[in-house]
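Q: Output the structure for:
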Amino acid sequence: MNITIVNLQDSSEIQTIIECLPFINEEIINPNIDIYCNHYPTENLESNSFAHIFPLHASQFRLADLNLYYSKLKSHAKKGKYDIAVDTEGSLKSALSTYLLSGKTAGFQKEGFMGKIISKLYDETIPYNNTQTKRELTFKLLAKTFGFEKKTLDEAIQE
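A: Predicted coordinates for the structure are as follows:
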């Protein structure tokens, strides 16, 4: 199964995604996981044998760059042939990127007008709860999407 995870805003969030990868690997036979982010994370990721990380450099994204960005995403989508794309950020930019990368998508259902519009781009959602940390929410989204929702991230790591 070819999986892509998109987070274009928070590079520290990539570490939480990396922590969840062994659980995805347990649930899915031979997953091929690609992670799209703004910049290559500075954390030591040599122990990560489950995923490939692709920096898109989308932080200085301007309207003039739209065609180039769209072309880059479409070429990645053709190469990866993703079965599912998961948006762990929830912004309009990441939601559109997720939608372009795969036909089946998952992400957060946020409150407000923009949140409702963005959630229409996802096939599967979980409610975004401001009382939980971003780390907990990311784990819940990945857990629901890939079927390991029985535990929290801290409990899962301790096992």
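
Q: Would you map the strands across this structure?
A: Using DSSP state E, the strands of the chain run over 2-7, 32-37, 51-55, 84-87, 105-109, 124-127.

Q: Out of the ones you listed, which gets the lowest mean score?
A: Note on the strands of the chain: strand 51-55 shows the lowest mean pLDDT, a mean of 83.

Q: What strands line up against that strand, and which way round?
A: strand 32-37 (parallel) (DSSP bridges).

Q: Dump the C-alpha coordinates for the strand it pairs with into CSV.
A: C-alpha atoms of strand 32-37 as CSV (Å, rounded to 0.1, in the frame of the first residue of the first chain):
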residue,chain,number,x,y,z
ASN,A,32,5.4,2.5,1.2
ILE,A,33,5.2,5.7,3.1
ASP,A,34,6.2,9.2,1.8
ILE,A,35,6.1,12.2,4.0
TYR,A,36,5.7,15.7,2.5
CYS,A,37,6.8,18.6,4.6
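
Q: and that strand, how far from the chain's centre?
A: Remark: strand 32-37 is offset 8 Å from the chain centroid, using C-alpha atoms, centre = their mean, to the nearest Å.

Q: Check what contacts that strand and list those residues.
A: The contact list for strand 32-37 (C-beta atoms under 8 Å, 6 or more residues apart in numbering) reads 1-8, 11, 14, 17, 21, 24, 50-56, 76, 80, 82, 97, 101. No exception for glycine: its C-beta is placed from N, CA and C like everyone else's.

Q: surely Leu142 meets Ile17?
A: Yes - at 7.3 Å, Leu142 counts as touching Ile17 under the criterion of C-beta atoms under 8 Å.

Q: would you turn the strands of the chain into TSV with distance to Gly147?
A: TSV is the format used below for the strands of the chain (distance: least, C-beta to C-beta, whole Å):
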stretch	distance to Gly147
strand 2-7	13
strand 32-37	15
strand 51-55	18
strand 84-87	12
strand 105-109	12
strand 124-127	12
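
Q: can you list those in TSV and add mean neighbour count and distance to Leu68?
A: Listed next are those as TSV, based on neighbours: other C-beta atoms under 10 Å; distance: least, C-beta to C-beta, whole Å:
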stretch	mean neighbour count	distance to Leu68
strand 2-7	26	18
strand 32-37	22	15
strand 51-55	16	15
strand 84-87	27	20
strand 105-109	23	22
strand 124-127	16	29
